[in-house]
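**Student:** sequence plus the predicted model coming up.
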Amino acid sequence: MNTNESHIIAQVLAGKTEAFAYFLDTYGQQIFTLIVRMVSSPEDAEELTQDTFMKAFRHLGSFTGGSSFSTWIYRIAYNTALSALRKRREEVLAIDDKQWERVSETEVDEALDDDSEDRVARLQEALQQLAPEERAIITFFYEEEKNIDEIAHILNQSVSNIKVKLHRIRKKLYLLMNKGEISYDNR
């Protein structure tokens with residue numbers, strides 16, 4: 001963990017609560033971005049971002065330094081957003097396993113690396129159709145540039161599980177961008 005951050009945590013725990021503003025300034029926008037990607041509502045994301053920082057503040061004494069502060073607060077944000085989403089059941093896309101098998105990694109790479117205006121628009125549309133956990137993984141990996149180990153730690157999942165999910169999400173995005181046959185499944 002960053003020694004400056006451990007010093008700030010010590011200050012906050014010693015009663016200098018205004019020092020917590022450092023964490024809001026440093027991680028606020030990143031946490032908001034993650035949550036808005038998951039819940040698809042800026043208004044809800046603002047509230048959930050506030051909830052995340054309140055939880056982090058209240059439980060700061062339980063932060064052991066076993067991971068970076070950013071990993072710890074991302075986990076809080078992810079769980080906060082997931083809890084909110086569980087309260088409002090959403091329609092989730094289900095893709096037939098046969099469709100996964102028909103898509104090659106080369107096709108996926110080419111489609112996702114294409115930065116033409118049309119492809120970017122279709123990618124943004126496809127991202128909105130992903131499940132919240134899938135949007136979180138994509139946000140962590142591509143926007144926040146977290147490595148697989150960090151994502152696994154944040155989501156409390158195995159590295160191999162995250163690799164499989166990332167592989168499938170990339171294929172799912174490809175299928176969504178190319179209007180593959182998709183069925184809906186209520187969860």
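**Tutor:** Perfect, I can see it now.
**Student:** might you list the low-confidence residue ranges for the chain?
**Tutor:** 1-3, 89-104, 107-115, 180-187 (pLDDT under 70).
**Student:** at 50 instead, please
**Tutor:** The model of the chain has pLDDT under 50 over residues 91, 180-187.
**Student:** what's the closest non-adjacent residue to the spatially most central residue of it?
**Tutor:** When the chain is reduced to its mean C-alpha position, the nearest residue by C-alpha atoms, centre = their mean turns out to be Ala136, at 2.2 Å. Of all residues not flanking Ala136 in the chain, Met38 sits nearest, at 5.2 Å (C-beta to C-beta, 6 or more residues apart in numbering). C-betas here are computed from N, CA, C, even on glycine.
**Student:** wait, Gln30 sits on Glu144?
**Tutor:** Yes: contact status for Gln30 versus Glu144: in contact at 6.4 Å, counting by C-beta atoms under 8 Å.
**Student:** element containing Thr52?
**Tutor:** Per DSSP states H and E, Thr52 falls inside helix 42-58.
**Student:** ignore the last one, Tyr74
**Tutor:** Using DSSP H and E, Tyr74 falls in helix 69-87.
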